[in-house]
Every structure is written in structure tokens, then in C-alpha cells.
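Undergrad: missing the sequence, but the structure's below:
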């Protein structure tokens, strides 16, 4: 006997009023969606495309929170940053575009000490259980992820950094590189520049730790 798939119905209502202002109602929440003035809007809210990217950042952060609670991972918070390369041909009504979001650079900073095994668990959860992440990746968008772990460490020698930072660049394994436009370059550092698609078993890992500080995740000097 086939087990029924659990589903739920989601409902959004919206009204287009002046110009390109759209007032949407989700449950009892009000959302205003608009466009910048330079493209004919009144800048009273994020655009539809910006709203979609905000949904990805929120969805990934919430999945990380839920997974950390489920597995008793100590997590103080998550900061997300997204830079996206967007193909304008469709919204300019020049021609249809199958993959309007060419590439998304998703940076996630976890504000506590998480070991590598726990980090892999959180990554896998985002890939498997964040519906917005799946929405983009299944549509053909190349997603380049950068995971940053920051943890307070006991003070080291004068001048030493007092935090632990581990950078984990990983490209979405579902889609290959896009050659129609130059690849997007992440604005915060160059770790994702020129990054080829990686399988989940081939994650580039770089540890950057403070010099001479003690405590968990501390005390290693990079050459």
C-alpha cells in the first residue's frame, strides 16, 4: 500500500494598485512588492526577483536552525548574504529566458563553533530540505555556497586575531557552469572565483585560525 504524501495548501492574494506596486497578503501578513524608480516603480518594496532571493536566504537559515536544534548543535545565529547574476533579457521583453538567475552566490555565516561533521550535516540539510534552494537548483541556477564559521576564542598573544574562521566554498553539484555570461564574482572574497562545479564529496576546505589562541577550534597557525 502506497503511503500518502503529506501536502498542504499555500495561499497568496495580491492587488496591483498604482504603477507597479503590489500588495500581497500571506495568512495575516502584508507584503509590499515594487520596483526601483529607474525601472518604473516607486521603490516602496523589494522587487519580485529580490523577494525570491530573500526567500532563499531565509529558507536556508531556518533549515540550519531546525537541523541544529534536532541534532543538538550549539548555534547562536545565522547571517546570510546573496549576490546573484540575473539575465535581463526576459524582463526587458527581448526574448524568453529559461534560466533567468544565472548564478547565485550564497554566503552563510554561522555565529558559533561548529565542527566539520556538524557543518556537513547542516550543508546536507540545506540541499535536501530547503524548498527554495531546490526551486532554484532544479531550475538550472548554479548555486555557489560559502560557509563561514566564527567562534570566540580565548585571547592569544597581542595582535593575534580572536576568532576562528573556516571557509567552505562548495558549488551546487546539480548544475554545470554557465558560459553565456561571465561567472559572478563574490564581493566579499575571492574564494569562489573561478570555482568549478564540485560534487558533494569534493568540497574545497580552508581553515583560517587565529595565531596562538587556545580553546576549541583555536590554536593553529596557517603557514
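TA: On my side now, so go ahead. Just so it is clear, the model here is predicted, and its values are computed rather than measured. Numbers count the residues shown, from 1 in each chain.

Undergrad: Check residue 150 and give its pLDDT.
TA: For residue 150, the pLDDT comes out at 83.

Undergrad: what bridges to it?
TA: Going by DSSP bridges, residue 150 is paired in beta bridges with residue 165.

Undergrad: going forward, begin numbering at 36 instead of 1
TA: Taking 36 as the first residue, the last one we looked at is residue 185.

Undergrad: correct me, but it touches residue 144?
TA: Yes: using C-beta atoms under 8 Å, residue 185 makes contact with residue 144 at a distance of 6.4 Å. (C-beta placed from N, C-alpha, C; glycine too.)

Undergrad: any idea how far residue 78 lies from residue 50?
TA: Residue 78 sits at a distance of 19 Å from residue 50 (criterion: C-beta to C-beta, to the nearest Å).

Undergrad: quick one, which of these two is more surrounded?
TA: residue 78 (13 against 9; other C-beta atoms under 10 Å).

Undergrad: Could you grab the helix/strand/coil label for that one?
TA: Of the three states, residue 78 takes coil under DSSP: H, G, I helix; E, B strand; the rest coil.

Undergrad: Pretty sure it sits against residue 71.
TA: Yes: using C-beta under 8 Å, residue 78 is in contact with residue 71, at 5.3 Å.

Undergrad: Sketch out the low-pLDDT regions of this protein for me.
TA: 186-258 (pLDDT under 70).

Undergrad: show me where it has helices.
TA: For the chain, the helices defined by DSSP state H cover 83-105, 151-164, 166-173.

Undergrad: Nearest to residue 118, out of these?
TA: Across the helices of the chain, residue 118 has its closest neighbour in helix 83-105 (9.1 Å, C-beta to C-beta).

Undergrad: I would like the residues contacting that closest one, please.
TA: 66, 68, 81, 108-110, 113, 115-117, 119, 121, 126, 135-136, 139, 141, 143, 145, 153, 156-157, 160-161, 164-168, 171 (C-beta atoms under 8 Å, 6 or more residues apart in numbering).
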